[in-house]
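1. got a predicted structure plus its sequence, pasted below:
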Amino acid sequence: MSIRDLLKDGTRHFSGTEEATLRNIEACTELSKILRSSFGPNGMNKMVINHLEKLYVTNDAATIMRELDVVHPAAKMMTMAAKQMENEVGDNTNFVVVFAGELLHHAESLIMTGLHVSDIIAGYQKAGDKALSLLSDLVVDTVKDIRDTEEVCKALRSAIAAKQYGREDLLAPLVAKACISILPENPLAFSVDSVRVCKVMGGGVDDTKVFKGFALPKDSAGTVKHVKNAKVLVLASGLEASQTETSSTVLMTSADELMGFTKGEEEQMHDYVKEIVAGGANVVVAGGTVSEIAMHYCEKYGIMVVKEPSKFQLRRVCRATGAVARVHLGKITPEEVGSCDSVSVEEVGSNKVTFFYNDSDRCFISTILCRGSTPNVLDDIERCIDDAVNVFKSIIRNNKLLAGAGACEMELARRLASFGAETPGLDQYAIKKFGEALEIFPRTLAENAGVSSIELITELYAAHDQQPNAGVNVEEGCIGDAVALKVYDMYIGKWWAIQLAVEAALNILRVDQIIMSKPAGGPQVPKMGPRD
């Protein structure tokens with residue numbers, strides 16, 4: 001009796017090294033190859049069209065992994081590790097996938113030579129623990145003052161250059177200024193959602209600017225476009241008279257009845273607007289419909305009206321102004337009214353944008369106004385800024401910096417080779433392969449920059465005997481001092497990346513059988529036709 005006789009018809013079963021382990025390794029290696037060419041400042045873009053036919057042109061690993069519909073179970077484990085890295089640090093997702101794939105690739109060669117999987121797992125575990133303990137010895141600098149723009153830019157430049165190479169000197173100070181301007185007294189309370197990105201088509205990336213406050217990419221509803229020393233009232237509902245729950249028919253027989261029909265509603269709305277004026281508000285942000293009669297009285301009293309149906313955007317307006325959102329109309333208390341220096345509608349390119357400028361301590365949001373020629377450019381800059389803000393949050397938790405440009409990985413590889421030579425037993429082969437797997441990062445940086453990787457790796461090994469900070473200078477196509485080039489990596493990002501990559505690789509190696517049930521029945525999703 002075989003295992004197929006124990007399970008339902010249609011169940012697939014794979015077991016053993018050939019069918020299970022090596023198949024899983026092959027799938028994961030192929031996935032890492034997709035992302036490897038997107039690694040580093042010279043990384044290539046991927047054009048991904050998802051199941052909704054939305055086009056993504058990016059080299060951001062997190063976006064590529066999210067939009068790729070990966071179905072292989074082992075490859076899914078790698079995507080889960082990358083997702084966890086995105087949640088934990090917000091950057092270095094490409095590192096996790098590439099490193100895990102390279103570990104599995106080297107494990108395949110060890111399996112083919114006859115080494116048992118359990119020895120490989122034990123060796124990788126020892127090497128991973130050793131690598132994490134060695135990281136603290138490789139710290140080259142720290143961010144001494146989290147409120148100093150220059151110090152913060154030191155950590156942000158590498159993260160930005162990996163996505164927008166050549167624009168790091170423009171974007172790093174903008175992101176640093178945006179983060180520092182809203183940093184609370186307790187830096188650990190900093191939220192990445194406090195830095196918003198407003199994308200406006202047109203112009204160039206050089207026109208990008210930052211300000212403290214919030215921006216809504218829309219025009220105001222009335223003729224009032226500029227208000228200084230604004231008092232902002234945020235309504236979660238609309239600005240209109242309440243409707244009855246039942247429908248009714250009204251029969252009017254004279255012109256007087258017709259004139260008097262809406263008089264009660266007008267008086268009621270007039271009272272509402274008077275209460276708004278009495279509360280001191282001169283800007284109303286409504287989350288619903290604003291009736292014509294309400295608009296008439298708002299214009300009469302010089303109140304600026306902005307309609308914003310998104311409840312998330314309303315919350316951000318509240319955070320930018322210190323207002324409290326009201327869910328009903330009525331008497332307004334001073335605590336519910338927010339304030340900002342000015343609210344104005346400005347024309348950016350050919351688009352109207354409503355700006356809430358606020359330099360006071362009540363403002364907990366800063367906004368980066370991004371300009372770009374196409375939606376894809378704007379989306380890529382937004383992802384780049386998001387990574388940089390996550391890096392800022394990470395250096396609040398741990399301000400240590402490592403040498404970038406592949407220098408840290410090469411030094412770890414060199415030290416792990418020595419550690420493997422000193423380790424007795426079969427584990428040493430896996431430890432040495434772990435060190436070789438780390439070479440993939442300087443090699444990839446060299447290949448993506450169009451440089452011979454074999455010569456560069458040899459030169460790097462020779463240079464690391466004297467200079468532990470030697471890395472790949474992608475501009476000159478040679479080796480250089482990463483610290484002198486001001487290329488740094490986050491300590492906490494590298495620590496988590498190695499940890500998650502090793503865990504993902506070990507979990508995949510521990511699989512010796514794959515049992516797949518028959519998919520559930522039901523209507524099939526129609527397949528896409530051939531694209532033009």
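-> Structure received. Numbering: from 1, shown residues only.

2. ok, and what's touching stretch 211-224?
-> By C-beta atoms under 8 Å, 6 or more residues apart in numbering, the residues outside stretch 211-224 that reach it are 181-182, 196, 198-200, 290, 295, 298-299, 302-308, 313, 316-317, 319-321, 340-341, 345, 351-359, 363, 365-367, 369. Where you see a C-beta, it was placed from the backbone N, CA and C, and this is true even at glycine.

3. now those: which count as buried?
-> Using 16 or more other C-beta atoms under 10 Å as the burial test, these include 181-182, 196, 198-200, 290, 295, 298-299, 303-308, 313, 316-317, 319-321, 340-341, 345, 352-358, 363, 365-367, 369 as buried.

4. which residues of the stretch 1-150 of the chain fall in strands?
-> Taking DSSP state E, counting those that start in this stretch, the strands of the stretch 1-150 of the chain run over residues 12-15, 46-49, 55-58, 139-142.

5. any idea which of these gets closest to residue 74?
-> Residue 74 lies closest to strand 12-15 among these, at 11.1 Å (C-beta to C-beta).

6. go ahead and flag the most central residue of this protein.
-> Most central in the chain under C-alpha atoms, centre = their mean is residue 386, positioned 4.6 Å from the mean C-alpha point.

7. how about the helices in the stretch 151-300 of the chain?
-> Secondary structure of the stretch 151-300 of the chain (DSSP state H, counting those that start in this stretch): helices located at 168-181, 255-261, 263-278, 292-300.

8. poorly predicted segments of this protein, please.
-> Residue ranges of the chain with pLDDT under 70: 1-16, 241-248, 258, 261-262, 264, 516, 519-532.

9. which strands and helices sit next to the lengthiest helix in it?
-> Using DSSP state H, we find that the single longest helix of the chain is helix 375-397. On a contact count with 3 or more C-beta pairs under 8 Å, 6 or more residues apart in numbering; DSSP states H and E, helix 375-397 meets strand 55-58, helix 149-163, helix 168-181, strand 195-201, strand 366-372, strand 488-490, helix 491-509.

10. point out the most buried one among the ones you listed.
-> strand 488-490 (a mean of 27; mean count of other C-beta atoms under 10 Å).

11. what does it contact?
-> 89, 91-92, 140-141, 154-155, 157-158, 391, 394-395, 398, 400-404, 408, 482.

12. what's the answer for stretch 368-379, then?
-> Where contact means C-beta under 8 Å, 6+ apart, the residues beyond stretch 368-379 that reach it are 55-58, 174-175, 178, 195-211, 215, 348-349, 353, 381-382, 385.

13. centre of the chain to that stretch, how far?
-> 16 Å (C-alpha atoms, centre = their mean, to the nearest Å).

14. try stretch 184-204
-> Worked out by C-alpha atoms, centre = their mean, stretch 184-204 lies 12 Å from the chain centre.

15. okay, it in CSV with CA atoms only?
-> The C-alpha coordinates for stretch 184-204 follow below in CSV (Å, rounded to 0.1, in the frame of the first residue of the first chain):
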residue,chain,number,x,y,z
PRO,A,184,7.9,63.9,19.1
GLU,A,185,9.7,64.5,22.4
ASN,A,186,9.9,60.7,22.8
PRO,A,187,11.4,59.6,19.4
LEU,A,188,10.2,56.0,19.8
ALA,A,189,6.6,57.4,19.4
PHE,A,190,7.4,58.4,15.8
SER,A,191,4.9,57.0,13.2
VAL,A,192,5.8,56.5,9.6
ASP,A,193,2.2,57.5,8.7
SER,A,194,3.0,61.0,9.9
VAL,A,195,5.1,61.7,6.7
ARG,A,196,2.7,61.9,3.8
VAL,A,197,3.4,62.0,0.1
CYS,A,198,1.2,64.2,-2.3
LYS,A,199,1.8,63.2,-5.9
VAL,A,200,1.1,65.9,-8.6
MET,A,201,1.8,65.2,-12.2
GLY,A,202,4.0,67.6,-14.2
GLY,A,203,7.3,69.3,-13.6
GLY,A,204,10.4,67.3,-12.7
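
16. if we can go back for a sec, so which of the helices and strands packed on helix 375-397 comes closest to residue 416?
-> When the helices and strands packed on helix 375-397 are compared by C-beta to C-beta, helix 491-509 sits nearest residue 416, at 11.3 Å.

17. just want the angle from the closest one to helix 149-163.
-> Going by axes from the mean of the first three to the mean of the last three C-alpha atoms, to 10 degrees, helix 491-509 is angled at 30 degrees with respect to helix 149-163.

18. for the helix or strand just after helix 491-509, the distance to its chain's centre please.
-> Remark: after helix 491-509, the chain's next helix or strand is strand 513-516, criterion DSSP states H and E. Offset of strand 513-516 from its chain centre (C-alpha atoms, centre = their mean): 34 Å.

19. buried set for strand 513-516?
-> For strand 513-516, a neighbour-count test (16+ other C-beta under 10 Å) marks residue 514 as buried.

20. who are the packing partners of it?
-> Helices and strands touching strand 513-516, by 3+ C-beta pairs under 8 Å, 6+ apart, are strand 12-15.

21. show me what contacts the closest residue in space to residue 309 that isn't next to it in sequence?
-> In space, residue 309 comes closest to residue 287 once its chain neighbours are excluded; the distance is 6.2 Å by C-beta to C-beta, 6 or more residues apart in numbering. Taking C-beta under 8 Å, 6+ apart, we find residue 287 in contact with 234-238, 308-311, 314, 325.

22. just residue 288 next, same as before
-> Contacts for residue 288 (C-beta under 8 Å, 6+ apart) come out as 235-240, 307, 309.

23. before we move on, the earlier item: format the helices and strands packed on helix 375-397 as CSV; extra columns: distance to residue 283.
-> As requested, the helices and strands packed on helix 375-397 are arranged in CSV below (distance: least, C-beta to C-beta, whole Å):
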stretch, distance to residue 283
strand 55-58, 37
helix 149-163, 31
helix 168-181, 22
strand 195-201, 18
strand 366-372, 17
strand 488-490, 41
helix 491-509, 41
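
24. ok, which of those comes nearest residue 68?
-> strand 55-58 (9.9 Å).

25. would you mind measuring from residue 446 to residue 386?
-> According to C-beta to C-beta, to the nearest Å, residue 446 and residue 386 sit 28 Å apart.

26. ditto for residue 299
-> Using C-beta to C-beta, we find residue 299 at a distance of 39 Å from residue 386.

27. can you check residue 467 too?
-> Distance, residue 467 to residue 386, by C-beta to C-beta: 34 Å.

28. same deal with residue 122?
-> On the measure of C-beta to C-beta, residue 122 and residue 386 end up 39 Å apart.

29. likewise residue 157?
-> Distance of residue 157 to residue 386, computed by C-beta to C-beta: 16 Å.

30. repeat that for residue 39.
-> In terms of C-beta to C-beta, residue 39 sits 18 Å off from residue 386.

31. and what of residue 374?
-> Between residue 374 and residue 386 the computed distance is 19 Å (C-beta to C-beta).

32. over to residue 302?
-> According to C-beta to C-beta, residue 302 and residue 386 sit 39 Å apart.

33. do the same with residue 74
-> To residue 386, residue 74 is 29 Å away according to C-beta to C-beta.

34. do residue 21 as well
-> As defined by C-beta to C-beta, residue 21 lies at a distance of 37 Å from residue 386.

35. got it, and residue 346?
-> Remark: distance between residue 346 and residue 386 (C-beta to C-beta) = 25 Å.

36. need the strands for the stretch 401-532 of the chain, in chain order.
-> With DSSP E, counting those that start in this stretch as the criterion, the stretch 401-532 of the chain has strands at 470-473, 478-481, 488-490, 513-516.

37. distance to residue 497 added to the ones you listed, as CSV?
-> Formatted as CSV, those follow (distance: least, C-beta to C-beta, whole Å):
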stretch, distance to residue 497
strand 470-473, 17
strand 478-481, 23
strand 488-490, 9
strand 513-516, 27
